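*Asks:* sequence first, then the predicted structure, then my questions.
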Amino acid sequence: MKIAIYGAGNCGEYVIQEMKSAPISKIEVELIIDNNPYLLGRTKHDLPIVNLEEFINIYQKTVECVLVAVWDLLRAQEMAVSLLNKNYNNIYFLPENMCEGALPVLAQDGKLMPYVKHISLCKPVLPYVEYHVSDFCNLKCKRCGHFSNLVTEKVFPDIREFSDTLYELSKRFRNIKMFRLMGGEPFMNPDLGLFIYEVKKVFPYTDIRVVSNGLLLPQISEQTVEAITECRAIIDISQYPPTRRMIEKIITFVQEKNLKIEIGEEITKFFAQKGLGTAEDSERIWTNCASKKCHFLRGKCLYFCPAVILFYENQEFLELNITKEELHKNSFDLVDGEENGWEILTRLLCPFEFCKYCSDKEWFDWSISKDQVRKEDWFVE
């Protein structure tokens, strides 16, 4: 079988050497794919190094499959997606622990080891998901990116719907690298612990984070402390000025309760958008966007980012005109939709139509919403 190795780094080097040193090999490496411009036109082990475009245009018919050879799982997925976007799907993956165990690539009969799996046999890992366990917030930051300062009632999501949606998500993804429970202020929800347990049950290997301003942390119940501890969740503290003023009390509490926290840098600025963008700006906006990988779970749908559903829900206030059709195009219905994990991931890693509602940013000093909240807090002229 003639194959191409995708990745000219240490992992690709390991795979090629393994194949060359095997007593019996029924695999022949024809070329190496790598998009590093420094390597193009060069060779390694007498194998030509070509970029993805050259492989698709010239070489894809000369090989039977592509073996993605990088140690980092998420990077390997991105490389596979780059092939899927070119309508090439005969892709194989190495096991994640191959590097640590120095595992063989070929079996005794010279064929690929059974644990070197075709993409059709692999569910991907979703890098990141965030979810509002409370839209309501106790801090009311002006220009809140999640519009929590517009929320006046403490209404919390249904745990059964959350559980059902997580189950549907698990049909498509074998793990979520990081799952952040946030808001609003998550500690406003008295049932926060149930949501933590649910994430841990469905995705036992995910990195669970509770994103909080920390102001309510010293007051949380023992049941919530127990859920955080048992599920090894980490509390991400957003260090707003009021948080910084009581940081001693917060640190003392988490030390007493043996909780793990990570404290971000002090937040002194929030941004507003310089009006609406355009469809022509979408790719540039997406490329420079810090939230492009902040995939957002709400109800039974997974959204490209929080702006999709939050702009839609607040469109009357923001004076936008977003149709249900646009909403559906920029989301995935996990209950009634038919996309598999790879189809979802392929779309998530590319610019999307909704980016036209975002634009360049203008930064302002952080403050509390004291006066009447206005659309101009988010969209400045």
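*Replies:* Right, received. Where do you want to start?
*Asks:* now the helix or strand containing E226: buried residues?
*Replies:* Using DSSP states H and E, E226 sits in helix 222-230. By neighbour count with 16 or more other Cβ atoms under 10 Å, helix 222-230 contains the buried residues T224, V225, A227, I228. To be clear about C-beta, it is placed using only N, CA and C from the backbone, and glycine gets the same treatment.
*Asks:* taking those, tell me the two that lie furthest apart.
*Replies:* Spatially, the most separated pair among the buried residues of helix 222-230 is V225 and A227, at 7.4 Å (Cβ to Cβ).
*Asks:* quick one: neighbours of the closest residue to P242 other than its chain neighbours, just the number.
*Replies:* Spatial nearest neighbour of P242, excluding adjacent residues (Cβ to Cβ, 6 or more residues apart in numbering): L215 at 6.2 Å. The number of residues packed near L215 is 20, by other Cβ atoms under 10 Å.
*Asks:* what's the pLDDT at L215?
*Replies:* If you check L215, the pLDDT there is 97.
*Asks:* distance of it relative to R180?
*Replies:* The spacing between L215 and R180, counted by Cβ to Cβ, to the nearest Å, is 18 Å.
*Asks:* hang on, the earlier thing: who are the packing partners of the helix holding E226?
*Replies:* The elements that helix 222-230 packs onto, with contact taken as 3 or more Cβ pairs under 8 Å, 6 or more residues apart in numbering; DSSP states H and E, are helix 192-202.
*Asks:* pull out the buried residues from the helix it packs on.
*Replies:* L192, G193, L194, F195, I196, Y197, E198, V199, K200, V202.
*Asks:* which parts of the stretch 201-350 of the chain are helices?
*Replies:* 222-230, 241-245, 247-257, 282-288, 306-313, 315-318, 324-329, 341-348 (DSSP state H, counting those that start in this stretch).
*Asks:* hmm, I was thinking of the stretch 1-150 of the chain
*Replies:* Under DSSP H, counting those that start in this stretch, the stretch 1-150 of the chain gives helices at 10-21, 52-54, 73-84, 98-101.
*Asks:* which among those helices is found nearest to C358?
*Replies:* Proximity to C358 (Cβ to Cβ) singles out helix 73-84 among those, at 22.5 Å.
*Asks:* didn't I263 look like it was pressed against Y240?
*Replies:* No - I263 lies out of contact with Y240 (Cβ atoms under 8 Å); the separation is 11.4 Å.
*Asks:* more neighbours: the two, which one.
*Replies:* Using other Cβ under 10 Å, the more surrounded residue of I263 and Y240 is Y240, with 20 against 17.
*Asks:* which residues touch the more buried one?
*Replies:* Residues in contact with Y240 (Cβ atoms under 8 Å, 6 or more residues apart in numbering) are L139, C141, N213, E266, I267, W366.
*Asks:* which one (most neighbours) among these?
*Replies:* Most surrounded of the contacts of Y240: other Cβ under 10 Å gives N213, at 23 neighbours.
*Asks:* could you dump the contacts of Y240 to a markdown table with distance to E319?
*Replies:* Shown next, in a markdown table, are these (distance: Cβ to Cβ, whole Å):
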| residue | distance to E319 |
| --- | --- |
| L139 | 25 |
| C141 | 21 |
| N213 | 29 |
| E266 | 33 |
| I267 | 28 |
| W366 | 25 |
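*Asks:* I'd like to know which of those are part of strands.
*Replies:* The members of the contacts of Y240 that map onto strands under DSSP state E are E266.
*Asks:* of the contacts of Y240, which is the nearest to A4?
*Replies:* I267 (46.5 Å).
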